[in-house]
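J.: Structure for the following, please:
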Amino acid sequence: AMFMWSRAARAEPPPSCPMHSSKTREKEKESCPVAKSQSAEAMMAMAKSGQEKEKLNSSNQMPEVSQRPMEGQRRRLSTYRVESTIPKGEYQPSHQLEGKETWTYPSPQQFYNAMKRKGYTPNEADMNQVVAIHNTVNEKTWEKVMEWESLHLNKCPNPRLEKFSGKANDLSSKARIMTWLGYTAPFDRHDWVVDRCGTKVRYIIDFYTGTPMAGMPISMHLDVRPAPDSAGAVMDHVRMMGRSLRQWIFG
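T.: Model prediction:
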């Protein structure tokens, strides 16, 4: 499964996807197009917390969970796993299916099992919605990665996601600076490593809550960018700023 929740750095993650800022930022809000109940909202928050109780894959700090029903489970949950549109690199973690070209998301049963082992009491009826939101967030994240990768499509038309890791305990440098300026810290962080035709490029993804909109109670801002750990990545930031400036000037 493509488990994209990570260990929570804070005692109480927000009830909706990431956190509201203490100052209104004039940034685009990315909204999950799946409505969910209050209980589902709470479970998404719980899924982001308490992972220290979960058995983790040492390669990416993500949980490994089975498809078997848990003791005391009141209704059957689907074990069907949705295939993402995110191309998979050569690395083959144990939770992924052999021979697949794209990453595979966790099933509702796997998501439920992970939460039960963390000591929570999730409602089976909410699992389909929770998993759908989880999957939507990851698809949107890959879209944003591809906006950056479009700077290199002439040299690498088919970048792939090599691996990912949860780093909620580690504020990125940018997020730390933003908190110094009075903004709320992101509720979660992931690092994704993209295989750009042989060149490994690390991306940082900070997750923030946005303002809920009518019909879409969950609103999320994703701050996706290459880690500034190489001259090429720094140059990409400069090029992207130039692209944004041209769009702002010329529409």
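J.: May I have the helix ranked longest in the chain exported as PDB, CA atoms only?
T.: In the chain, with assignment by DSSP state H, the single longest helix is helix 127-149. What follows is helix 127-149, C-alpha atoms only, in PDB (Å, rounded to 0.1, in the frame of the first residue of the first chain):
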ATOM      1  CA  MET A 127     -13.100   3.800   5.700                       C
ATOM      2  CA  ASN A 128     -14.000   4.100   2.100                       C
ATOM      3  CA  GLN A 129     -14.200   7.900   2.400                       C
ATOM      4  CA  VAL A 130     -11.000   8.100   4.400                       C
ATOM      5  CA  VAL A 131      -9.100   6.100   1.900                       C
ATOM      6  CA  ALA A 132     -10.500   8.100  -1.000                       C
ATOM      7  CA  ILE A 133      -9.300  11.400   0.500                       C
ATOM      8  CA  HIS A 134      -5.900   9.800   1.200                       C
ATOM      9  CA  ASN A 135      -5.600   8.800  -2.400                       C
ATOM     10  CA  THR A 136      -6.800  12.100  -3.800                       C
ATOM     11  CA  VAL A 137      -4.200  14.000  -1.700                       C
ATOM     12  CA  ASN A 138      -1.400  11.800  -3.200                       C
ATOM     13  CA  GLU A 139      -2.600  12.200  -6.700                       C
ATOM     14  CA  LYS A 140      -2.600  16.000  -6.300                       C
ATOM     15  CA  THR A 141       0.900  15.900  -4.800                       C
ATOM     16  CA  TRP A 142       2.200  14.100  -7.800                       C
ATOM     17  CA  GLU A 143       0.500  16.600 -10.100                       C
ATOM     18  CA  LYS A 144       2.500  19.300  -8.300                       C
ATOM     19  CA  VAL A 145       5.700  17.300  -8.500                       C
ATOM     20  CA  MET A 146       5.100  17.100 -12.300                       C
ATOM     21  CA  GLU A 147       4.800  20.900 -12.500                       C
ATOM     22  CA  TRP A 148       8.400  21.000 -11.400                       C
ATOM     23  CA  GLU A 149       9.400  18.100 -13.500                       C
END
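J.: Can you list the buried residues in it?
T.: Using 16 or more other CB atoms under 10 Å as the test for burial, helix 127-149 gives 127-138, 140-142, 144-145, 148-149. Where C-beta positions appear, they are placed from N, C-alpha and C, glycine not excepted.
J.: now stretch 182-196
T.: 183-196.
J.: For the closest residue to Pro212 other than its chain neighbours, give the beta-bridge partners.
T.: Nearest residue to Pro212, sequence neighbours excluded (CB to CB, 6 or more residues apart in numbering): Ser219, at 5.2 Å. Beta-bridge pairing for Ser219 (DSSP bridges): Ser31.
J.: And the pLDDT for Ser219?
T.: Note on Ser219: pLDDT of 77.
J.: wait, doesn't it sit right on Gly210?
T.: Yes. Ser219 lies in contact with Gly210 (CB atoms under 8 Å); the separation is 3.4 Å.
J.: Looking at those two, which has the bigger crowd around it?
T.: Remark: of Ser219 and Gly210, Gly210 carries more neighbours, 24 against 19, as counted by other CB atoms under 10 Å.
J.: on that earlier part again, could you point out the helix or strand that follows the longest helix of the chain?
T.: Downstream of helix 127-149, the next assigned helix or strand under DSSP states H and E is strand 160-166.
J.: how far off helix 127-149 does that next one point, in degrees?
T.: 120 degrees (axes from the mean of the first three to the mean of the last three CA atoms, to 10 degrees).
J.: chain center to strand 160-166: distance?
T.: The chain centre lies 11 Å from the centre of strand 160-166; the measure is CA atoms, centre = their mean, to the nearest Å.
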